[in-house]
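Got a predicted structure here, sequence first:
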Amino acid sequence: MWLNNVKNKINAADLLKKTSYLKSCYLFLILLLASPITVSLENSGLNPQDFAIVNGERISLQEFETAYQAGVRKRFYHGKIPKEKLDAFKQEVSQTLIDRLLLIKEARRQNIQADEKEVESQLAQYKSRYQDKSFWQQHKDSVISGLTAALSGESILRNFEKQVKDIPLPSGQEAQSFYQKNKPLFTTPEKTRVSLILLKVSPASPASVWAAAKEEADDIIKRIKNGVDFAELARIHSGDASAASGGDMGFVHQGMLAKPAQDAINRLKVGEISQAVMLLRGVAIFRLEENQVATLNEFENVQERAQKLLQREKAKYAWNDLIERLRSQASIEINTAAISAENKT
């Protein structure tokens, strides 16, 4: 409703099309999503310029297009959306607009108030940033009025979400039940301590350079097997940061290293060294120092974490449940032809 009083019929799309500085202002786009352009209808029925009618209030097709274009520019490379993702993305934008409208109406019904100091601070930032722009100067009163209402709406939504998600810390008994059902969340994963000698080679180097590094690595392996200290050779030859520690990389988890490196380590027993391994950064030699198997932590040691995880899960459920309830109770008509139209980006 906040743009209905803008003079000269300036709307959200006009603000974006006529001013390059507002095109780059993502916060402004978020505010548009938070406060859709709506007009009360006495008699329901979609018009060609409508995107949807939600509980008797109209969201304009132009509002959908503004939100859609903003989302495409933010998420997809060069603003080009793959065809196979087009329909799903339009459905996502559609649902976001509808949910935002439902949530802000419910928040106002529950008399949730905006943080006026926060709104004033944000508005001051806009004034400072754009006060010298000609468009701002020409339409100052209407733009400030619109921004104030939009910022207030966004603040109301944040406060509403905070209130809904304000879930008491679960009891120890609840947390223990959660722990029993979600043991992987409280398991320290398997990890290995590894040492490394890396003979660095630029990826752009010719094959002869890589061959020479491989030959040097094979020679180092022979020296280690003949009794020369791995750590000493790491300090002398390795180009990795771990060289100062004798090649000791500390503990690493599965997936932290490149696949060729991880595969080589997986074949080792404690104390063994690998063959030369070709990596993007050069030729590597690994030694497996220690293995630690995955361990389930005792509940007493993770109770606080279990309570906080369960609290977060309950808060997320409460918010999603509210949205689902509002959807189920809403009367929604959507201009399906609009959201199934060809991508114009």
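Everything's here; your move.

can you give me the strands in this protein?
38-40, 50-54, 57-60, 187-188, 191-200, 248-253, 277-279, 282-292, 295-296, 332-334 (DSSP state E).

Go through these and name the closest to S238.
S238 lies closest to strand 191-200 among the strands of the chain, at 4.6 Å (CB to CB). In this view, the C-beta of every residue, glycine as well, is placed from N, C-alpha and C.

quick one: strands adjacent to that closest one?
When pairing is defined by DSSP bridges, strand 191-200 lines up against strand 248-253 (antiparallel), strand 282-292 (antiparallel).

if you compare these, which one is most tucked away?
Greatest average neighbour count among those goes to strand 282-292 (a mean of 20), per mean count of other CB atoms under 10 Å.

And for that one, what's in contact with it?
188, 190-201, 210, 213-214, 216-217, 220-221, 224, 230, 239, 247-248, 251, 261, 264-265, 268-274, 276-277 (CB atoms under 8 Å, 6 or more residues apart in numbering).

what distance separates it from the centre of its chain?
Remark: strand 282-292 is offset 34 Å from the chain centroid, using CA atoms, centre = their mean, to the nearest Å.

all numbers from here: first residue = 794
Let's use 794 as the start, then, which means that last one is strand 1075-1085.

returning to that earlier point: which stretch among the strands of the chain comes nearest K1101?
strand 980-981 (17.1 Å).

Could I get the full set of helices for the stretch 844-993 of the chain?
Here the stretch 844-993 of the chain has its helices, by DSSP state H, counting those that start in this stretch, at 854-868, 876-902, 909-923, 927-931, 933-957, 965-974.

looking at the ones you listed, which has the lowest confidence?
Mean pLDDT is lowest for helix 927-931 out of the helices of the stretch 844-993 of the chain, coming in at a mean of 83.

mind listing what's buried in it?
Counting neighbours by 16 or more other CB atoms under 10 Å, one finds that the buried residues in helix 927-931 are 928-929.

Equivalent analysis for stretch 957-970, please.
By neighbour count, with 16+ other CB under 10 Å as the criterion, the buried positions of stretch 957-970 are 957-958, 960, 963, 968-969.

And for stretch 987-1005?
Residues of stretch 987-1005 classed as buried: 987-992, 994, 1003 (neighbour count, 16+ other CB under 10 Å).

And for stretch 1094-1107?
1095, 1099-1100, 1102-1104, 1107.

and of those residues, the nearest to K898?
K1107 (24.6 Å).

Show the contacting residues for that closest one.
Taking CB under 8 Å, 6+ apart, we find K1107 in contact with 960, 963.

Name all residues that make contact with L944.
824, 907, 912, 915-916.

tell me the pLDDT at L962?
Here, the pLDDT recorded for L962 equals 97.

Now render the buried residues of stretch 987-1005 as TSV, adding pLDDT.
Below are those laid out as TSV (pLDDT from 0 to 100):
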residue	pLDDT
V987	96
S988	97
L989	97
I990	97
L991	97
L992	97
V994	95
W1003	95
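
Adding distance to E850 as columns, could you present those in CSV?
What follows is the buried residues of stretch 987-1005, written out as CSV (distance: CB to CB, whole Å):
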residue, distance to E850
V987, 61
S988, 66
L989, 63
I990, 68
L991, 63
L992, 68
V994, 64
W1003, 66
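
Between the helices of the stretch 844-993 of the chain, which one is closest to S1133.
Shortest distance between S1133 and these, using CB to CB, is found for helix 876-902: 7.2 Å.

Mind checking which of the contacts of strand 1075-1085 are buried?
984-992, 994, 1003, 1006-1007, 1010, 1013-1014, 1017, 1023, 1040-1041, 1054, 1057-1058, 1061, 1066-1067, 1069-1070.

Spell out the residue ranges of the helices in the stretch 994-1138 of the chain.
1000-1018, 1023-1030, 1052-1059, 1092-1122, 1129-1132.

nearest to K976, of those helices?
helix 1092-1122 (9.9 Å).

count of residues packed around F971?
Per other CB atoms under 10 Å, the neighbour tally for F971 reads 19.

what's the closest of the strands paired with strand 984-993 to D880?
strand 1041-1046 (38.0 Å).

per-domain residue ranges of this protein.
800-961+1113-1132, 965-977+1089-1105, 983-1086 (automatic domain parsing).

And E856, how far from V847?
From E856 across to V847, the span is 12 Å (CB to CB, to the nearest Å).

same deal with Q862?
21 Å.

repeat for Q903
Separation of Q903 from V847 (CB to CB) stands at 18 Å.

more neighbours, those two?
More crowded of Q903 and V847, by other CB under 10 Å: V847, with 24 against 11.
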